[in-house]
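In: Please find the sequence and the predicted model below.
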Amino acid sequence: MKKITATIRLHKLDEVKLALVSIGVIGLTVAEIRQFGGARGQETTYRGNTFTADFTPRLKLEIVTDDAQVWAVIQALSTSASTGEVGDGKIFISPVLQIVRIRTGEMNTEAI
């Protein structure tokens, strides 16, 4: 099993969710984050004031899936989250050693 963590632009969430559901992903965790990285130093205007944005708002997605579906998830994320511009995000893949569903005690793939 793998945990796939992705950072994406806020406005791409619906498109990403549809792409993931279409390949059979049944669970997704989403959190709003502020990211500091390659897009820093961009000038932004807010309420008539111009300032340099050090942190950019992004969404962090977490998906746990079995090994057989990992590349399909990566392809769905890459295609649906892309705008072709700097700052589209990143995808991280990590191993998951074990999962336990608290309510039932189900383990691993059955607990996803």
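Out: Nice, thanks for sending it over. Numbering: from 1, shown residues only.
In: Model confidence for the nearest residue to residue 27 once chain neighbours are set aside, exactly?
Out: Leaving aside its chain neighbours, residue 27 sits nearest to residue 112 (6.4 Å; criterion: Cβ to Cβ, 6 or more residues apart in numbering). C-beta coordinates here come from the backbone N, C-alpha and C atoms, glycine included. Here, the pLDDT recorded for residue 112 equals 84.
In: Would you tell me which strand is longest in the protein?
Out: strand 56-65 (DSSP state E).
In: what's the following helix or strand after that strand?
Out: Using DSSP states H and E, the next helix or strand after strand 56-65 towards the C-terminus is helix 70-81.
In: Convert that next one to PDB, retaining C-alpha atoms only.
Out: C-alpha atoms of helix 70-81 as PDB (Å, rounded to 0.1, in the frame of the first residue of the first chain):
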ATOM      1  CA  VAL A  70      -0.600   3.900  -7.600                       C
ATOM      2  CA  TRP A  71       0.300   4.800 -11.200                       C
ATOM      3  CA  ALA A  72      -3.300   5.300 -12.200                       C
ATOM      4  CA  VAL A  73      -3.700   7.800  -9.300                       C
ATOM      5  CA  ILE A  74      -0.500   9.600 -10.200                       C
ATOM      6  CA  GLN A  75      -1.600   9.900 -13.800                       C
ATOM      7  CA  ALA A  76      -5.100  11.200 -12.800                       C
ATOM      8  CA  LEU A  77      -3.600  13.700 -10.400                       C
ATOM      9  CA  SER A  78      -1.000  14.900 -12.900                       C
ATOM     10  CA  THR A  79      -3.500  15.300 -15.700                       C
ATOM     11  CA  SER A  80      -6.300  16.900 -13.800                       C
ATOM     12  CA  ALA A  81      -4.200  19.300 -11.600                       C
END
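In: Brilliant, that's me finished.
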